[in-house]
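Please find the sequence and the predicted model below.
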Amino acid sequence: MIKVSENKFLIALIDDDVDQTFLAKKALTDFMSLYEVDVFYTGKDFFDRIKGNPNIYDALVVDYMLPQLNGLEILHTLHGLQCEVPIIFLTVSDDKDTIHEALNYGAYDYLLKIEGYLSTLPVILLKSIDKYQRQKHREEVQKKVQTLKEYFENILNTIPYAVIGINQMMEISYANSECQNFFFVDPSELIGQKIMELFDPEFLSDISLIDHIKKVSENSEHISFSKISYINRKNQKKHLDIDLLKTSSDYGDHVLLLINDITRNVELEQKLIQTEKLASLGKLLTGITHELNNRLGPVLAYTQLLMTKTTDQRSLNWMKNIEDSAQSMKSIIESLLYFSPGTTRQHKESICINDLINNTLTLLNYKFQSKNIKITKKLSTAITPLFIDQKQISKVLLNILNNSYEAMELTGGELYISSKASDNMCIVSIVDTGNGIPEDIQSEIFDPFFTTKSNKDNVGLGLSIAYTLLESHNGSIKINTKANKGTEVTISIPFSDSASAAKRENNLLPASEQSASQVLIIEDDETLRDVMKDILEETYSVDIAENGLQAKTRISQKNYNAILADIRMPGMDGPSLFYWIRDNFPGLEKKMVFTTGDTYDPETNKFLDSIDNDYLAKPFNINDLRNIIKQVIA
């Protein structure tokens, strides 16, 4: 097989649907950086590529419905070519005969092309590859053990396992070169030692190793241990697969002890489990945050509306406390969305990065001072504003600064933070004098769930989230660190013209013309519908509808200057209404503004990305609602 890199698998994706292959390739390449994908739209193209080497790929993903050769025919041909790699069979039908035939022809697993299957594909593919590798591993061990009986001396130093021969006196009679890497002792020094001297007594007791060696020697059994924990002589925790087999030679009977270090595989499994847990949590949060947003919306809106009607200072103070609490809850809900399966939409605006840095440092200032950490700032005054999502970049800064704090928490130290403009990029540098990052783990620091902290509250998502958020801004993050000498984190964000974001703020209609404007509100939640009506009817003539079907009747009978529609509604939803208006009242669809509590939902994002209309994320401030309707009517 071709290995793209030590930690990547090369995948062939065979599907004639251009859109689906694009999404599938993205889902795979984005998954923990484990896959590189080659796409083929026909079976012929694929077979031309593997001609002479059917096992060139680590795994295959084959769709059933294909031109010329369908998926089953491809599987049948691969079977004849003795292709051994794991294959995932894709189909839109759950026909049992088709699936059974695919599995008989060599498919490792199948996946129905239903909603959400692209999020499942990377996980199923990884499980199939792991299953295949384990199966191949076992087959290779058995094959090599058989070969050892005849060619023991020749192959002893060629297999990638620590191999130890044990005679009937429990003495080590053979040790291959891999023992050097495993026990950190020259293999020749092991010869003649008692096997009991090689391992820690607790380890020997935990798996009853001596008793099992005797059992294999007496009965010629094959005994295996899987995923055994072991602390080596450098105090590193390892996970092992151990096999005990009896072999005979001119030198007598021996028991072979084969030790395979599977630590990397176990760590990968643990990351996979964490990913699955996070996906489950995300699905749960999907429903919870939607309902929280719908319930919180009226609380925030009515509070802000009452504040405009009240002059009593004591009442205003009470309402301000309610508003602050609602805004805080809104921020908490937005934070939860980082764990949802989809991507939250960005709310970009013109922001000075220096203000963002100062605000973030203000939040952490007491924390740093309490641990004798001195902060030095050098912020350029020549930096122009950035067009960014303020909350997302604040989260990036907060994660990095928290890491610096934890690196200096026990010893104190200094934190240097600077900003400058360079080649159309805003550069922010954060330097700490903490303990740095060891060289052997630096390549893993951006991996999800990787953490060096023993605290169970630290799940290892900080730098992974920072990397993702900066990437979504076309930015980057680089880390320069040395163990015990500190760390420098550099983030780069491109400058962009934010003028377009405000292009519609000018040329608004006079107030007298705005008051004559007609607005239609479409919202299935009665409380939300009422509060939006109460806010807007101060300025406009407002009609309401509970769903898309009612809205069709209103729109057919009356001319509206703006239409405010929820995206998720029973019967006819917001997107369906948009397309109906576009077909029946061309141009009016441009006057639509959407509301949604589902900014995390992939389908919602896909729809909003496909149109030029504005939207409001629930819960929203009443001034945001007023301004967005004012701009649409203008």
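Perfect, thanks for sending it. Quick caveat, the model's predicted, so the values are computed rather than measured. Numbering: from 1, shown residues only.

residues contacting Ser575?
That one is not Ser; residue 575 is Pro. Ile567, Phe607 (C-beta atoms under 8 Å, 6 or more residues apart in numbering). C-beta coordinates here come from the backbone N, C-alpha and C atoms, glycine included.

So it, which state does it fall into?
Under the three-state scheme (DSSP: H, G, I helix; E, B strand; the rest coil), Pro575 adopts helix.

Which of the helices and strands in the protein ranks last by mean pLDDT?
helix 511-515 (a mean of 50; mean pLDDT, DSSP states H and E).

now the stretch 1-150 of the chain, which segments are flagged as low pLDDT?
When residues are selected by pLDDT under 70, those of the stretch 1-150 of the chain lie in 1-6, 145-150.

again, only this time at 90
Scanning the stretch 1-150 of the chain for pLDDT under 90 picks out 1-8, 32-34, 52-55, 67-68, 79-84, 93-94, 105-106, 115-116, 131, 133-150.

For it, which segments are assigned as strands?
Taking DSSP state E, counting those that start in this stretch, the strands of the stretch 1-150 of the chain run over residues 9-14, 35-40, 59-63, 87-91, 109-112.

Among these, which comes closest to Ser429?
Set against Ser429 and scored by C-beta to C-beta, the strands of the stretch 1-150 of the chain come closest in strand 35-40, at 32.4 Å.

Next, the buried residues of stretch 39-49.
By neighbour count with 16 or more other C-beta atoms under 10 Å, stretch 39-49 contains the buried residues Val39, Phe40, Tyr41, Thr42, Gly43, Phe46, Phe47.

And the average pLDDT for the top helix by length along the chain is what?
Using DSSP state H, we find that the single longest helix of the chain is helix 263-309. Regarding helix 263-309, the rounded mean pLDDT is 77.

Distance from the chain centre to that helix, please.
Centroid displacement of helix 263-309 relative to its chain, using C-alpha atoms, centre = their mean, to the nearest Å, is 15 Å.

Just name whatever secondary elements it is in contact with.
helix 117-155, strand 237-249, helix 313-336, helix 526-536, helix 622-633 (3 or more C-beta pairs under 8 Å, 6 or more residues apart in numbering; DSSP states H and E).

Give the pairing partners of the second one; include direction for each.
It stands for strand 237-249. Its sheet considered, strand 237-249 pairs with strand 223-231 (antiparallel), strand 252-261 (antiparallel) by DSSP bridges.

To Phe203, which of the helices and strands packed on helix 263-309 lies closest?
Shortest distance between Phe203 and the helices and strands packed on helix 263-309, using C-beta to C-beta, is found for strand 237-249: 9.9 Å.

Using CSV, list the CA coordinates for that closest one.
Taking C-alpha atoms only, strand 237-249 is exported to CSV below (Å, rounded to 0.1, in the frame of the first residue of the first chain):
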residue,chain,number,x,y,z
LYS,A,237,3.0,3.9,29.9
LYS,A,238,2.7,1.5,27.0
HIS,A,239,-0.1,-0.8,25.7
LEU,A,240,0.9,-4.2,24.5
ASP,A,241,-0.3,-7.2,22.6
ILE,A,242,1.5,-10.3,23.9
ASP,A,243,1.6,-13.8,22.3
LEU,A,244,3.0,-17.0,23.9
LEU,A,245,3.8,-19.9,21.5
LYS,A,246,5.8,-23.1,21.8
THR,A,247,8.5,-23.8,19.2
SER,A,248,10.9,-26.7,18.7
SER,A,249,14.3,-26.7,17.2
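
That strand versus helix 117-155: what angle between them?
Interaxial angle, strand 237-249 versus helix 117-155 (axes from the mean of the first three to the mean of the last three C-alpha atoms, to 10 degrees): 40 degrees.

and Gly413, how many neighbours?
As a burial measure, Gly413 scores 20 neighbours (other C-beta atoms under 10 Å).

how does the chain divide into domains?
With domains defined by automatic domain parsing, the chain comprises 9-131, 156-261, 267-338, 348-499, 504-633.

Could you name the stretch from those that's closest to Lys144?
Judging the domains of the chain by C-beta to C-beta, what sits closest to Lys144 is domain 156-261, at 5.5 Å.

quick one: that closest one to chain centroid distance?
That offset, for domain 156-261, works out to 40 Å (C-alpha atoms, centre = their mean).

quick check: mean pLDDT across the host helix or strand of Phe578?
Element membership for Phe578 (DSSP states H and E) is helix 574-584. Helix 574-584 carries an average pLDDT of 95.

got the angle between the next helix or strand after that helix and helix 574-584?
Scanning forward in sequence from helix 574-584 by DSSP H and E, the next helix or strand is strand 592-596. Counting by the same axes, to 10 degrees, strand 592-596 points 170 degrees away from the direction of helix 574-584.

just checking, what packs against strand 592-596?
Counting by 3+ C-beta pairs under 8 Å, 6+ apart, strand 592-596 packs on strand 562-566, helix 574-584, helix 602-610, strand 615-617, helix 622-633.

follow-up on the earlier one: give me the subset of the buried residues of stretch 39-49 lying in helices.
Per DSSP H, the buried residues of stretch 39-49 map to helices at Gly43, Phe46, Phe47.

As CSV, the helices and strands packed on helix 263-309 with distance to Ser610 would be great.
Shown next, in CSV, are the helices and strands packed on helix 263-309 (distance: least, C-beta to C-beta, whole Å):
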stretch, distance to Ser610
helix 117-155, 18
strand 237-249, 47
helix 313-336, 23
helix 526-536, 25
helix 622-633, 18
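
now the strands for the stretch 401-550 of the chain?
Counting by DSSP E, counting those that start in this stretch, the strands of the stretch 401-550 of the chain are 413-422, 425-432, 476-482, 486-494, 518-522, 541-545.

Any idea which of the ones you listed gets closest to Leu121?
strand 476-482 (27.9 Å).

contacts for the closest one?
396, 436-437, 439, 442, 445, 463, 466-467, 470, 487-492.

between that strand and strand 425-432, how big is the angle?
30 degrees.

If you count neighbours, what's buried in strand 476-482?
Ile477, Ile479, Thr481.

what's the angle between it and strand 486-494?
Using the same axes, to 10 degrees: strand 476-482 against strand 486-494 is 170 degrees.

coming back round to it: so for Ala27, which of the helices and strands packed on strand 592-596 sits nearest?
Ala27 lies closest to helix 602-610 among the helices and strands packed on strand 592-596, at 10.6 Å (C-beta to C-beta).

Next, the buried residues of that closest one.
For helix 602-610, using 16+ other C-beta under 10 Å, the buried residues are Pro602, Thr604, Asn605, Phe607, Leu608.

For those residues, give me TSV that also has distance to Val431 and pLDDT.
Below are these laid out as TSV (distance: C-beta to C-beta, whole Å; pLDDT from 0 to 100):
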residue	distance to Val431	pLDDT
Pro602	38	74
Thr604	40	82
Asn605	36	80
Phe607	43	90
Leu608	39	87
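
burial count for the closest residue in space to Phe225 that isn't next to it in sequence?
Excluding its sequence neighbours, the residue lying closest to Phe225 (C-beta to C-beta, 6 or more residues apart in numbering) is Ile242, at 4.2 Å. Ile242: 20 surrounding residues under other C-beta under 10 Å.

residues contacting Ile242?
Counting by C-beta under 8 Å, 6+ apart, Ile242 has contacts Ile207, Ser224, Phe225, Ile228, Leu257, Leu258, Ile259, Asn260.

Drop anything exposed from those.
Ile207, Ile228, Leu257, Leu258, Ile259, Asn260.
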